[in-house]
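*Asks:* Predicted model follows, preceded by the sequence.
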Amino acid sequence: MAQLNLCSLVLVASFALLLAIHLSAAHPRKLMKSTKIPSLNEVKGYLQAYGYMERSEDHPTGTSGDSPITESSLKPAIRMYQEWNHLEVTGKLNSETIARMMTPRCGTPDIVRIPDKGVHHESKPGKFRVVAHYSFFKNMNPWSQRQLTYSFTSTIPSVPIGDLRAICTRAFQHWAAVSPFQFREAGQGEVANIMIGFYTGDHGDGYPFDGLGHTWAHAFSPRDGRLHYDGSENWSISTPTTDQTDLESVTLHEIGHTLGLAHSQDPDAVMYAYINTGVIKRQLQQDDINGIQALYPSK
Ligand SMILES: *[C@@H]1O[C@H](CO)[C@@H](O)[C@H](O)[C@H]1NC(C)=O
Ligand SMILES: [Zn+2]
Ligand SMILES: [Zn+2]
């Protein structure tokens, strides 16, 4: 079906990138699951997974391939990570940086790298600068229609369908209120634009989930439409405890991806990459609204 025509950029660049990373030794989930200081290999896997560093596979003739990882070899990527995350930019793995890396987050990359074409995100060409808060996926096909349908595709019943339906209805209403879009659930036999479901582990999109903790969901840019939750999380369908991830907050965030918004650098924005357990973020913020309205002007 969608296959490589998912050539929305998240796919072409990041998902291909992530696939390769997941096949390589450094898996970012180990970083998150550990309560100890992560190894440099784990930090490198994390920086690659979220777009701060190229894979060595992108440079088969380069020298970076099998050389041992040193903190100084990671310095440019650590600096970029600190800059994007509004941390003190030192290029060093200080405790503040490690703590941010261990914070639960969305699995969709922050920065999309296209091999040999450098960094792609909403900033001045050629230079990585923190300018915009919201950002868009590059090289995507924004939706052409303004009436979008969704359907539920879970392979595991992590949450009762009635609760999921109610939560998604509310989340779509928030986006509809600030954009030209109207959303409705697809009828039986109708192919939906947005497909929402719970999955665990490797579920066939090259982007395996990591079990409880760290990554809670991911979604693809338009016009792919896949929105996946990690079925292993401790989901809350009402008020989350400090052990639970708020399903409505995550849904609001992931719908933003399906419409074409990438991660925001504004910690208050719904499109910020991190949400801790116990945190509720169910209202779109001005930065989210500015982003969607810049992408899809109303008139
Ligand atoms: C899930 O959340 C509930 C409610 O706070 C808690 O009792 C339970 O221990 C949590 N499970 C895990 C695996 O964290
Ligand atoms: Zn995200
Ligand atoms: Zn998935």
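*Replies:* Thanks, I have it. The structure presented is a predicted model; accordingly, all values stated were derived computationally and were not measured. Residues are numbered from 1 along each chain as shown. Ligands and ions are numbered 1, 2, ... in the order given.
*Asks:* ok, stretch 158-178 near ligand 1 or not?
*Replies:* No. Figure legend: stretch 158-178 not in contact with ligand 1 (CB under 6 Å from any ligand atom); closest approach 12.0 Å. Every residue, glycine included, has its C-beta placed from N, CA and C.
*Asks:* So which residues make contact with that stretch?
*Replies:* Under the contact criterion CB atoms under 8 Å, 6 or more residues apart in numbering, stretch 158-178 has outside partners 150, 152, 154, 181-183, 185, 196, 198, 229, 231, 233, 235, 237, 247-248, 251-252, 255-256, 259, 282-284, 288-289, 292-293.
*Asks:* Could you rerun that using 6 Å?
*Replies:* Residues from elsewhere that reach stretch 158-178 (CB atoms under 6 Å, 6 or more residues apart in numbering): 182-183, 198, 231, 235, 237, 247-248, 251-252, 255, 284, 289.
*Asks:* And that stretch, how far out from the chain middle?
*Replies:* Chain-centre distance of stretch 158-178: 19 Å, with CA atoms, centre = their mean, to the nearest Å.
*Asks:* Check stretch 90-109 too.
*Replies:* That offset, for stretch 90-109, works out to 14 Å (CA atoms, centre = their mean).
*Asks:* and that stretch with ligand 2, contact?
*Replies:* Yes. Counting by CB under 5 Å from the ion, ligand 2 has neighbours in stretch 90-109: 106, 108.
*Asks:* in that stretch, what counts as buried?
*Replies:* 91, 93, 97, 100-102, 104-109 (16 or more other CB atoms under 10 Å).
*Asks:* and these as JSON lines, adding pLDDT?
*Replies:* Below are these laid out as JSON lines (pLDDT from 0 to 100):
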{"residue": "91", "pLDDT": "96"}
{"residue": "93", "pLDDT": "95"}
{"residue": "97", "pLDDT": "96"}
{"residue": "100", "pLDDT": "94"}
{"residue": "101", "pLDDT": "94"}
{"residue": "102", "pLDDT": "92"}
{"residue": "104", "pLDDT": "93"}
{"residue": "105", "pLDDT": "95"}
{"residue": "106", "pLDDT": "94"}
{"residue": "107", "pLDDT": "92"}
{"residue": "108", "pLDDT": "91"}
{"residue": "109", "pLDDT": "88"}
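*Asks:* a markdown table for these, including secondary structure?
*Replies:* Compiled in a markdown table, the buried residues of stretch 90-109 are given as follows (DSSP: H, G, I helix; E, B strand; the rest coil):
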| residue | secondary structure |
| --- | --- |
| 91 | coil |
| 93 | coil |
| 97 | helix |
| 100 | helix |
| 101 | helix |
| 102 | coil |
| 104 | coil |
| 105 | strand |
| 106 | coil |
| 107 | coil |
| 108 | coil |
| 109 | coil |
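*Asks:* Next, format these as CSV and append distance to residue 265.
*Replies:* Formatted as CSV, the buried residues of stretch 90-109 follow (distance: CB to CB, whole Å):
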residue, distance to residue 265
91, 19
93, 20
97, 15
100, 12
101, 16
102, 19
104, 18
105, 13
106, 14
107, 18
108, 14
109, 14
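*Asks:* which one of the residues you listed is nearest ligand 3?
*Replies:* Nearest to ligand 3 out of the buried residues of stretch 90-109 is residue 107 (CB to the ion; 7.9 Å).
*Asks:* hmm, which two among the contacts of stretch 158-178 are most spread apart?
*Replies:* Using CB to CB, the contacts of stretch 158-178 reach their maximum pairwise distance at 231 and 289, which is 30.6 Å.
*Asks:* which one is residue 182 nearest to, not counting chain neighbours?
*Replies:* Excluding its sequence neighbours, the residue lying closest to residue 182 (CB to CB, 6 or more residues apart in numbering) is residue 147, at 5.1 Å.
*Asks:* in the stretch 1-150 of the chain, which spans are strands?
*Replies:* Taking DSSP state E, counting those that start in this stretch, the strands of the stretch 1-150 of the chain run over residues 112-114, 118-120, 147-152.
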